[in-house]
Structure formats: C-alpha cells, structure tokens
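Colleague: Okay, predicted coordinates and the sequence, questions at the end:
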Amino acid sequence: MVDNLRNINKHLILSILIFIGLVIATVLVILYGKGYRFGLGEGKIEFKGNGLLVTESLPDGAQVFIDGKLKTATDNTINIPPGEYEIRIVKEGYFPWIKKVKIQTEVVTKAEALLIPTAPKLESITDIGASQPVIDPTLTKIAFVVSSQSATRNGIYIFNMSANPLLTLQSTSVQIVDDTNDLFSESEISWSPDGKDIIATISAQRTNPTTYLLDTDRANNPPNDVSLTLSTVASSWTRIKNSKDKAVFDSLPKDLKPIVQRNFNILSYSPDQNKILYQASSSGTIPIMIKPRLKGINSTPEIRKIEAGSYYVYDIKEDHNYKLYSENFEGAFSWFTSSRHIIYVREKELHIVEYDGLNDTVVYAGPFIENYLFPWPDASRILILTNLGNLKIHPNLYTISLK
C-alpha cells in the first residue's frame, strides 16, 4: 500500500515537473520570438529584450551593414538591441540603399530596399515610331499614335503592360484604328475612367473637331463618331470619375477628412490608396490621428506643420507626414507601382525616390522626352519615350529595367 502511494506520488510529481517544464519552455520560446536573449552585462548574466529587424531587398541576396558592420544578407531577420541604427543594403551592380531605423524592444521593424541598377538595361517596345503616349487609369495600358508609316499602319495603338510575351516586347502593340477613315495619327487621346475606351479628338485644320469613341480591346472599323453626343459621353465619364474620387475620399478616417478638404491640394493617391501625394493649399498643422502612435513603422522623421505651396506625402495607415523637395515636381512625376516610391524628372534626369524623401536615385540620364514616364505594373521597369539622341528618327517607347 505504502509502495503504491509512493509510486503515485512519484508519477504525480513527475507530471507536475513535466508540466512546469513545458510552461517554462513555452514562455522562453515566446520571449525568444519577441527578441529576448541571454547576455553578459556588468559581469553578470542578464535576460535582455531586443527588437527584430527584417531586411528585404529587390533583388534579394544583398549585403546588410548595420552601423558600418556587415551583419547578414537580405531576406533575413536579425535580433538587435533597442536604439537607432544606420542600415546600409549593398549589392554589386546596384546603387546602395541607406536609411536610419529605430529598433524597439519586442517590435518588428522592416528595412525594405528597392535597389536600382547602376547600368540599367533599355529594351524597345515599338520600332515604327510613337508619339503622345497616355497611360490608362488602371496603370496597365498605354495608348499612343503612329504617324510615320502608311495610312494602314498609321493610327492609334494600345500596348498592354500586363501582357507577358515569351520572346520580346516589340510587336506586342495592337492597332485599334488606322488612318483610312480619318487622320487618327494626328488625334489627341484621353482615357475613360475604367480604362476600357478612349476618346480620340481630331482638330487639325478643322473648324469643328471630330471626336471618336474607340474600344481599346478590338479593331474599330468603322470608328464610332460621337461628335454630336460628346457632351453626353463627357458627362457620363465625369460622373464615373467623381464617384470614384468620392469613394476614395469617403474611405479616409473621419477626423482626416476636414484636414484634407482644408489643407490638401491632392495630386494623386498611391496605387494602393494608402498614401496621398499633395501640395499644401494652406499652412497649418496636421493633428495626430492615431493614438497611441504605432510601433515598428517608418522611423524617418516626419513634419506635421505644413506650409502653403510645399509638397508632402501623407501616409494614411501610419499617420505620418513627410515633406518632399518642391523641385521634384516642376516636371513630369508619377507614383511608382510599389506605392513606396515616386518617379520624377529633374534637370533632364529620371529619378526615383522613396515616399519619405530618402534614397533619391538617378535611374536614367540619357536622352528622353521628359513629359512621358510611366511605371510598369509589376514595378520591374519604367517606360519612357526617346529617340536615343538621334534627331533623324522618330521617338519610340523603351523600358528601363530595374532588375
């Protein structure tokens, strides 16, 4: 009897010890995952809380330097004590990416680098000449006119950037109308709000312009003349655009809406609609919308006091506001597809800069027509219009590869 009780007590104690061990192990695993580590401090063992730094780059496989010391490669997670560090991400053949980040205990902080090649690759899309390219609202299709060929080859073409040709991008443009019915090679093009149709207006040497509504997914033969009903089409498109703009505005946080109405001249929303590129229409201060402030977000210093006429990006999700150089917006500019970068032209050079104003990099300094630059849907390229400095040939569409 006594032996049985002793055996029961042993099993019970063993079970309790196993349970306690599992609890301790689980707690240690959780703390380890949050960045806690054993270390030596002032001659004794300490259990220190660290932060986690996640490093990513496109392309991957880049070296990561922290305060000048090589630590790891990208697509990796590093345990690091709390504090502010300079992160430098470097890959041969690419411009370095540099940013200061703030590491906090038990907080995951990301360093995401888009690395720009020092010798970008150019690839032609057209070889028959192109002019007046216009990108559609979905940022996936380019409409352009050709005027250097025969009547059957001249006209309006559509290039779908989302298509994936197996061999080459050349000859993938589709002609939707030619010059046999009218001089479409001299038309001005505008897209419908849904990116399915275009309006082509021909006004050269005419008292009254002729306007056509064209389907971008097929050949328009004969083209649809809407000159007499243009006001109806324009009103319909305006209603659709206003409805879309209202839907985006209505999605903003309630307290932000009056600030936007009063102080923002909105230039454009980022493709993911989480950021607003704007010029301040009046001076003021943007109050803090999210309390308490979020952790593990972009640690670039922000500016909440805005000045009329200056340019800014407001991050809706993180409630941070960043000032950008006004000189960046004197020429053509656009959001990059990543929603984390802006492309722009300054002093005849094509730049890409992060939305917080850091890592401004010259992508291309060769000759190109400065009013035309378009982001590729998968963020792998930028499309430009250029004759490569040869004034004897017509400009063509080229892509600048970022990989």
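Modeller: Alright, I've got the coordinates.

Colleague: Run through the strands of the stretch 101-250 of the chain in chain order.
Modeller: 108-114, 122-124, 131-135, 141-146, 155-160, 174-178, 188-191, 197-202, 210-215, 224-225 (DSSP state E, counting those that start in this stretch).

Colleague: and Asp67, how many neighbours?
Modeller: A total of 12 residues lie near Asp67 under the criterion other Cβ atoms under 10 Å. For the C-beta atoms, the positions are set from N, CA and C on the backbone; glycine is no exception.

Colleague: so Glu302 touches Tyr322, yeah?
Modeller: Yes: counting by Cβ atoms under 8 Å, Tyr322 is a contact partner of Glu302 at 5.8 Å.

Colleague: domain parsing for the chain?
Modeller: Residue ranges for each domain of the chain read 49-114, 122-245+329-401, 251-324, as given by automatic domain parsing.

Colleague: about what we covered before: make JSON lines out of the strands of the stretch 101-250 of the chain and add mean neighbour count, mean pLDDT and distance to Pro258.
Modeller: Shown next, in JSON lines, are the strands of the stretch 101-250 of the chain (neighbours: other Cβ atoms under 10 Å; pLDDT from 0 to 100; distance: least, Cβ to Cβ, whole Å):
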{"stretch": "strand 108-114", "mean neighbour count": "19", "mean pLDDT": "93", "distance to Pro258": "32"}
{"stretch": "strand 122-124", "mean neighbour count": "14", "mean pLDDT": "92", "distance to Pro258": "47"}
{"stretch": "strand 131-135", "mean neighbour count": "19", "mean pLDDT": "96", "distance to Pro258": "32"}
{"stretch": "strand 141-146", "mean neighbour count": "23", "mean pLDDT": "96", "distance to Pro258": "36"}
{"stretch": "strand 155-160", "mean neighbour count": "22", "mean pLDDT": "96", "distance to Pro258": "40"}
{"stretch": "strand 174-178", "mean neighbour count": "21", "mean pLDDT": "96", "distance to Pro258": "44"}
{"stretch": "strand 188-191", "mean neighbour count": "16", "mean pLDDT": "96", "distance to Pro258": "32"}
{"stretch": "strand 197-202", "mean neighbour count": "20", "mean pLDDT": "96", "distance to Pro258": "35"}
{"stretch": "strand 210-215", "mean neighbour count": "20", "mean pLDDT": "96", "distance to Pro258": "39"}
{"stretch": "strand 224-225", "mean neighbour count": "14", "mean pLDDT": "96", "distance to Pro258": "44"}
